[in-house]
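Coordinates for the following, if possible.
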Amino acid sequence: MKRGVFMKYKKLTALLVSAALLLSGCSGLKKEQNQVYTDTLFDTVVRIEILDRADEEVLKGCENICKKYHAMFSNKIEDSEISRINSAGGNSVEVSDETVTLLRKAIYYGDLSNGAFDVTIAPVSNLWDFHAEAPALPAPEAIYEAASHVDYKNILIDGNTVRLLDPYASIDVGGIAKGYIADILKKYLKEQGVKHAVINLGGNVLAMGSRLDGSDYNIGIQKPFDMTGEPITSVRISNKSVVTSGTYQRYFEADGKLYHHILDPNTGYPCENNLTSVTIITNSSLTADALSTTCFLLGYDKSMRLIEQLDNVDAVFITNDNKIHYSKNFQHKLK
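This is a model prediction of the structure:
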């Protein structure tokens, strides 16, 4: 069991290192000129690299933004706005404009996916502790009970007040918040005159502009379950976000079966289909974040149909046989 836990963290670290190598390897900029902020927030590693020359206070502003929204959105922090909604027992809670915006976006993707994406997954996700030293399978009856309280339609928003119609429901915005924060960081950096930067929130990558020499960034997509972090393929982007959801990012093994962190709102168990990862490439990191989870939960066929209906969204699907599938008219393959 412990071996499985060790592997999941090593894979996440390898993914981030691999992405950093691909991003920095061809930048043409001396390392000492870059400004980098790194931290551990949102249960993952945060890395923001400014390629332009910028005042140190700009990077400090990035740190402040990350810490502000971590404190606001984490359901693991007792006095966060999300936690206050969760602990209100169905009563109304006044929250910030930012939390309202985030929850409205979450509801939108709940509607778009017919409930496959559901931020009221918290009763279920709280049972599955993928960070524990020795994770244990939740009891089936506990999963069944928790899943009965998962329904994003129980979120009622009125102005700046939010309440949960089911007093036993609770919210976990882990499937959308990092993308939302990345978009805010991009807006802030643009306001500070930054044109070239890479925002990496636990593998949620947002590239501002191009590399300094005008060429695209090369972003690696990790080969599932490869201990070295080797990319199975790479994509080229400028002014885009790349977000991947995969079974290999957080998981444990019990009795010879792998249990990963992408939970099915209908069953309360890890989603089972023929996918190991979904990567979304689009302009908004929030969109990429929400769609990567949504598409994984919908499965390959439904997701491909959904992606083809959306403007300026591309996808890379990796199936259990390690085959790579691109959405129609995919624009980001390396030449």
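
ok now do Ser327, which residues does it touch?
When contacts are counted by C-beta atoms under 8 Å, 6 or more residues apart in numbering, Ser327 touches 304, 307-308, 313-317. Heads up, the C-betas are built off the backbone N, CA and C, glycines and all.

quick one: what helix or strand has Lys68 in it?
Element membership of Lys68, judged by DSSP states H and E, is helix 56-73.

among the contacts of Ser327, which two are most distant?
Glu308 and Val316 (14.2 Å; C-beta to C-beta).

quick one on the thing from earlier: can you flag the buried ones in the contacts of Ser327?
By neighbour count, with 16 or more other C-beta atoms under 10 Å, those hold 304, 307, 313-317 as buried.

which stretches of the stretch 151-300 of the chain form strands?
Assigned by DSSP state E, counting those that start in this stretch, the stretch 151-300 of the chain shows strands spanning 155-158, 161-164, 197-201, 204-208, 217-222, 231-237, 241-246, 251-254, 257-260, 275-282.

Quick check: which of those is nearest to Ala142?
If you check each of these against Ala142 by C-beta to C-beta, strand 257-260 wins as the nearest, at 14.5 Å.

returning to that earlier point: take the helix holding Lys68, keep the C-alpha atoms, and write them as PDB.
Provided in PDB are the C-alpha atoms of helix 56-73 (Å, rounded to 0.1, in the frame of the first residue of the first chain):
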ATOM      1  CA  GLU A  56      10.300  41.800  -7.700                       C
ATOM      2  CA  GLU A  57       7.000  43.100  -6.300                       C
ATOM      3  CA  VAL A  58       5.200  41.700  -9.300                       C
ATOM      4  CA  LEU A  59       6.200  38.200  -8.200                       C
ATOM      5  CA  LYS A  60       5.200  39.000  -4.600                       C
ATOM      6  CA  GLY A  61       1.800  40.000  -6.000                       C
ATOM      7  CA  CYS A  62       1.500  36.500  -7.600                       C
ATOM      8  CA  GLU A  63       2.200  35.000  -4.200                       C
ATOM      9  CA  ASN A  64      -0.400  37.100  -2.500                       C
ATOM     10  CA  ILE A  65      -3.000  36.100  -5.100                       C
ATOM     11  CA  CYS A  66      -2.300  32.400  -4.700                       C
ATOM     12  CA  LYS A  67      -2.500  32.600  -0.900                       C
ATOM     13  CA  LYS A  68      -5.600  34.700  -1.000                       C
ATOM     14  CA  TYR A  69      -7.600  32.200  -3.100                       C
ATOM     15  CA  HIS A  70      -6.200  29.200  -1.400                       C
ATOM     16  CA  ALA A  71      -7.600  30.600   1.900                       C
ATOM     17  CA  MET A  72     -10.900  31.500   0.200                       C
ATOM     18  CA  PHE A  73     -11.600  28.300  -1.800                       C
END
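
Not counting that helix itself, show me its contacts.
Contacts of helix 56-73 (C-beta under 8 Å, 6+ apart): 35-37, 39, 41-42, 46, 48, 50, 77, 80-82, 96, 98-99, 102, 173, 177, 180-181, 184-185, 188-189, 192, 194, 201.

returning to what we had before: relative to Gly214, which of the buried ones among the contacts of Ser327 is nearest.
Nearest to Gly214 among the buried ones among the contacts of Ser327, counting by C-beta to C-beta, is Asp314 at 21.6 Å.

now that closest one, which residues is it bridged with?
On the basis of DSSP bridges, Asp314 is bridged to Ile281.

I'd like the distance between it and Arg236.
Asp314 is 11 Å from Arg236, where distance means C-beta to C-beta, to the nearest Å.

Now the common contact residues for the two.
Overlap of the contact sets of Asp314 and Arg236 (by C-beta under 8 Å, 6+ apart) consists of His332.
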